[in-house]
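Peer 1: Everything below, folded, please.
(one chain, ligands or ions: 1)
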Amino acid sequence: MNSTALERFLRYAAIDTQSDPRSATQPSTGKQKDLCRLLVEELLALGLEDAHMDEHGNVYATVPANTGKRVPVICFCSHVDTAPDYTGTGVKPQIVRGYKGGDIRLKGDPGQVIRVRDNPELADQIGNDIVTSDGTTLLGADDKAGVAEIVAAAQILVENPGIRHGTVKLLFTTDEEIGRGVDKVDLKKLGADFAYTMDGSTAGTIETETFSADRVDIAITGVAMHPGFAKGKMENAIRIAAAIVDRLPKNAAPETTEGKQGFLHPTDISGAMEKARISLIVRDFDDAGLVDKETMLETIVRDVMKDYPGSSYTFKVTEQYRNMKAVLDRNPEIVEYAMEAVRRAGMEPVLGSIRGGTDGSRLSHMGLPCPNIFTGGHAFHSPLEWVSRQDMEKAVATIVELVKIWEERA
Ligand SMILES: [Zn+2]
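Peer 2: Residues are numbered from 1 along each chain as shown. Model prediction:
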């Protein structure tokens, strides 16, 4: 069996595992299980006897401890699905061996060019072997690079009993890209104390913060009547909804913010004279900032409604996920050990934050603290996605060093 992270990655990338937000089942697409089944086979072949897939496609496996010490149980987690944004059918990975610099033109579609201008990280890849798609599909490095790295690391642990470690759990989830990655994960069965998602980007980066995220649904009921007899009486819900959207702050939108700034973002609007609905997402790194934005939003709604005394509205906030930082701060060793592992694997660790969420932000608040470690992949969710063999190997080394550190410090 081929066993390097690269060879595993090429094998996994060729399998279509796109998830589908319109599906109500989990996994949202049956084809995700094709990769899950292959993973179970490969993990069993490595000797991980409990490797199995549950009905939702989640794959669980254990690398048993080989030390007498009491070491916390550490889990490594990646998702098998690829984003709905771009097709993942018929992925044909291409390898640029010994990259010499410059733009990379993709074979299957000459219009698709991975440009140095848009990918400054390419400057660090001279001499490396870079994997891309052929330009007609995404590559799926998000997150099959992470999957390949975890399995490759498990193989190293199994084949090198001299590497001392506690119990290591492996978890592969489905439907992460549509926000349902951990909905059906059985944390009790998993039995881990701490976890790491392998789902980040640039080599050396550890992400310890995500957005806190809510969704807001506003439903407006206007006063409908025949337009010929409407003077002084009609209150058109479409106009009310439009007035609300018009008053959203322009300087707190995704298109005007970056770094640690949050935003309010209308994602859907629909309506008729009688009823209209607006859906928004609200994002902030700080839970108090999230509440501030929602308060501001409801103030706008109330203000607009003053001009429509016959109309009414409902305002519903739904929690989506929370910044993992508060949870990680309670167990600082989780990130400290990850930084040390990155150093031992030959890189300078960089702490980052994600303007989004991960399986880890959900897991952290479900009781399993879980920062995010790099995979080496870049330009996710697009036909210009790429990852280098060398960065995948660095991620494998980071995993191996990390389990060693947990054992040493126990
Ligand atoms: Zn991902």
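Peer 1: Could you check how many residues crowd around the residue in the stretch 151-300 of the chain that the ion sits nearest to?
Peer 2: When scored by Cβ to the ion, the stretch 151-300 of the chain has residue 199 as its residue closest to the ion, at 4.2 Å. Any C-beta I mention is one placed from the backbone N, CA and C, and that applies to glycine too. By other Cβ atoms under 10 Å, 27 other residues sit near residue 199.
Peer 1: Does the residue in the stretch 301-410 of the chain that the ion sits nearest to lie in a helix or a strand, and which?
Peer 2: The minimum distance from the stretch 301-410 of the chain to the ion, using Cβ to the ion, falls at residue 380 (6.7 Å). Per DSSP states H and E, residue 380 falls between elements, in no helix or strand.
Peer 1: Kindly report the same for residue 10.
Peer 2: Assigned by DSSP H and E, residue 10 falls in helix 5-13.
Peer 1: Report the distance from that helix to the chain centre.
Peer 2: Centroid displacement of helix 5-13 relative to its chain, using Cα atoms, centre = their mean, to the nearest Å, is 20 Å.
Peer 1: Pull the residues that contact the following helix or strand past it.
Peer 2: The helix or strand immediately downstream of helix 5-13 is helix 32-45, counting by DSSP H and E. Contact with helix 32-45 is made by 1, 8, 11-12, 15-17, 19, 27, 51-53, 57-59, 61, 80-81, 144, 147, 151, 154, 170, 172, 174-175, as judged by Cβ atoms under 8 Å, 6 or more residues apart in numbering.
Peer 1: Intersect these with the contacts of the ion.
Peer 2: Among the contacts of helix 32-45, not one lies near the ion by Cβ under 5 Å from the ion.
Peer 1: residues from this protein in reach of the ion?
Peer 2: 142-143, 199.
Peer 1: Go through the residues you listed and say which is closest to residue 237.
Peer 2: residue 142 (39.7 Å; Cβ to Cβ).
Peer 1: How many residues are close by the closest one?
Peer 2: Residues near residue 142, counting by other Cβ under 10 Å: 27.
Peer 1: okay but it is in contact with residue 381, surely?
Peer 2: Yes - with contact taken as Cβ atoms under 8 Å, residue 142 and residue 381 are classed as touching, separated by 6.7 Å.
Peer 1: okay, and the common contacts of these two?
Peer 2: residue 83.
Peer 1: And the contacts of the host helix or strand of residue 315?
Peer 2: Using DSSP H and E, the element containing residue 315 is strand 312-321. For strand 312-321, contacts defined as Cβ under 8 Å, 6+ apart pick out 179, 210-221, 240, 281, 294, 297-298, 301, 305, 357, 361-362, 365.
Peer 1: Using ChimeraX, define a selection of the buried residues within those.
Peer 2: In ChimeraX syntax, the buried subset of the contacts of strand 312-321 is picked out as below (16 or more other Cβ atoms under 10 Å):
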select :179,210,211,212,213,214,216,218,219,220,221,240,281,294,297,301,305,357,361,362,365
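Peer 1: Of the contacts of strand 312-321, which belong to strands?
Peer 2: 210, 212-221, 281 (DSSP state E).
Peer 1: just to revisit the earlier point, out of the residues of the chain next to the ion, which one sits closest to residue 229?
Peer 2: Of the residues of the chain next to the ion, the one sitting nearest to residue 229 (Cβ to Cβ) turns out to be residue 142, at 56.7 Å.
Peer 1: Look at the closest one and give its secondary structure.
Peer 2: With DSSP: H, G, I helix; E, B strand; the rest coil as the basis, the three-state label of residue 142 is helix.
Peer 1: List the contacts of the residue lying closest to it once chain neighbours are set aside.
Peer 2: Closest residue to residue 142 apart from its sequence neighbours, by Cβ to Cβ, 6 or more residues apart in numbering: residue 380 at 4.0 Å. Counting by Cβ under 8 Å, 6+ apart, residue 380 makes contact with 83, 141-142, 201.
Peer 1: Great, nothing more from me.
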